[in-house]
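Peer 1: Okay, here's the prediction I keep looking at, along with the sequence it came from:
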Amino acid sequence: MTGLVYFGSAHQTRLEASETLPAKLDLILDRLHLRDRVKDETVVIKMHTGNNLNYSTIPPVFVRKVVQAVKDGGGKPFVADVTWDVEGAEQRGYSPQIIGCPVYPAGGPQDKYFYAHERPYKNIREWKVAGLIEDASFLVNFAHVKGHPSCGFGGAIKNLALGCMVGETRSAMHDSCHFDRYWFSEKCPDPEVRKRVAESCPHLALVEDKQRPGELHLHIEQCNQCRRCLRVAPAGSLRIDPVNFHAFQEACAISTAITLSTFAPGKAVHLSLLTNMTPMCDCFGFTTLAILPDVGLLGADDILALEQSTLDLTADLRLIEENLPTSLEIHDRRGHPFQQLHGPLKDPHKVLDYGEALGLGSRAYEVVDVMPVESISRQPTRRKMDLDRTRSIIS
Ligand code: SF4
């Protein structure tokens, strides 16, 4: 089945408010019939409220538009995010006075309110969906697209996968990368050699494991798979292997499937804002310069169609390398720009592969531009006519 993805371009024809992205968001919400679908529903707007000094999360003007649409349709909206991001959210503009609805910690103030879902996966047995997410009857999944150091990119799936689970499950999801062994201490018994292996990493991704002396711990987030460490590590002692890098993406797909299963069919819409696309997740507590040009805004009922169109619309964009923090390194220019940024094993398409296998939706889609940018034809200027005449005389 082909999913419809509604698109509002960041580009505009005229210098008019009606052609800006917030105005196009209204058109997308119309096309999704959001107002007609939320009467008497308790609507959770799941977004990333950022952390600390992050100033590139979804601007409050967009959130207010969604809140107003839900209210217009007779629904009861609230914004939810993880506890530690909601604390201080008003400093980034997400207060009831500005966005028009309350902002709640999804798992309650102590992050202890959840519903457990049993689904064994590597180190995870139970997935604890935040109580306020599961209690809601309608979901607006409003994601900000950016790079992500664990999985290449964060979009609509990532927004649900981590943000709708309580902290215990979020930690376990990150730990899934360490379930399969990558350090084989028996092949490197000499502590001096082990130290040299760790020191060979220019990104400080390899450290002594504090819980298990004699073992090395790989910080997946910091590892861009440059493989310098493999030149130093004794044969067979270290693996930089897809199984560890892909585990988090599979966990994200499972988590999202569990969260979406708590909503009745037709009770979820997905929005993604493709502006201010920075290298890292919004939870990092800071903002850096954008590393891709702004694209616009997408909306769909099908989360996979939305994610596939997100990746396709960004696939051929130029990575703005001059905007990268100098600590980051591009060592492989193949693949999606987010993959170039975070390393070949952090392929942003992987989470879609896992999502497709779980029946999350369809990757086939058709884009409907809610306000195509017009090309304006103009009469040549006087100077241009003079130049053309000069050229024709010379030739
Ligand atoms: S592959 Fe590169 S970034 Fe990753 S741990 Fe080895 S040296 Fe560090």
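Peer 2: Received, thanks. Computed from a prediction, not measured in an experiment: that's the story for all the values here.
Peer 1: got the phi/psi numbers for Val44?
Peer 2: Main-chain dihedrals, Val44, degrees, to the nearest 10: phi -90, psi 130.
Peer 1: Tally up the residues packed near the closest residue to the ligand within the stretch 1-150 of the chain, please.
Peer 2: The ligand sits closest to Pro149 of the stretch 1-150 of the chain, with a gap of 11.2 Å, by CB to the nearest ligand atom. Using the backbone N, CA and C atoms, a C-beta is placed for each residue, glycine as well. By the criterion of other CB atoms under 10 Å, Pro149 has 21 neighbours.
Peer 1: Ok, Leu53 next?
Peer 2: 11.
Peer 1: who's in contact with the residue lying closest to it once chain neighbours are set aside?
Peer 2: Closest residue in space to Leu53, ignoring its immediate chain neighbours: Phe286 at 5.4 Å, by CB to CB, 6 or more residues apart in numbering. When contacts are counted by CB atoms under 8 Å, 6 or more residues apart in numbering, Phe286 touches Asn52, Leu53, Asn54, Met280.
Peer 1: Over to Asp301?
Peer 2: With the criterion set at CB under 8 Å, 6+ apart, Asp301 makes contact with Gly3, Leu4, Leu32, Gly266, Ala268, Val269, His270.
Peer 1: Quick one: those as a markdown table, columns for distance to Gly163, secondary structure and pLDDT too.
Peer 2: Formatted as a markdown table, those follow (distance: CB to CB, whole Å; DSSP: H, G, I helix; E, B strand; the rest coil; pLDDT from 0 to 100):
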| residue | distance to Gly163 | secondary structure | pLDDT |
| --- | --- | --- | --- |
| Gly3 | 22 | strand | 91 |
| Leu4 | 25 | strand | 97 |
| Leu32 | 21 | coil | 98 |
| Gly266 | 22 | coil | 97 |
| Ala268 | 14 | strand | 98 |
| Val269 | 16 | strand | 98 |
| His270 | 13 | strand | 98 |
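Peer 1: from those, which two are the most distant?
Peer 2: Leu4 and Ala268 (14.8 Å; CB to CB).
Peer 1: of the two, who's got more company?
Peer 2: Taking other CB under 10 Å, Leu4 and Ala268 do not tie; Ala268 has more neighbours (22 against 15).
Peer 1: if I look at the more buried one, how far off is the ligand?
Peer 2: To the ligand, Ala268 is 37 Å away according to CB to the nearest ligand atom, to the nearest Å.
Peer 1: can you check Gln222 too?
Peer 2: 7 Å.
Peer 1: Next up, the contacts around the residue lying closest to that residue once chain neighbours are set aside.
Peer 2: Excluding the flanking residues, the one nearest Gln222 by CB to CB, 6+ apart is Ala205, at 3.9 Å. Going by CB under 8 Å, 6+ apart, Ala205 touches Leu218, His219, Ile220, Glu221, Gln222, Cys223.
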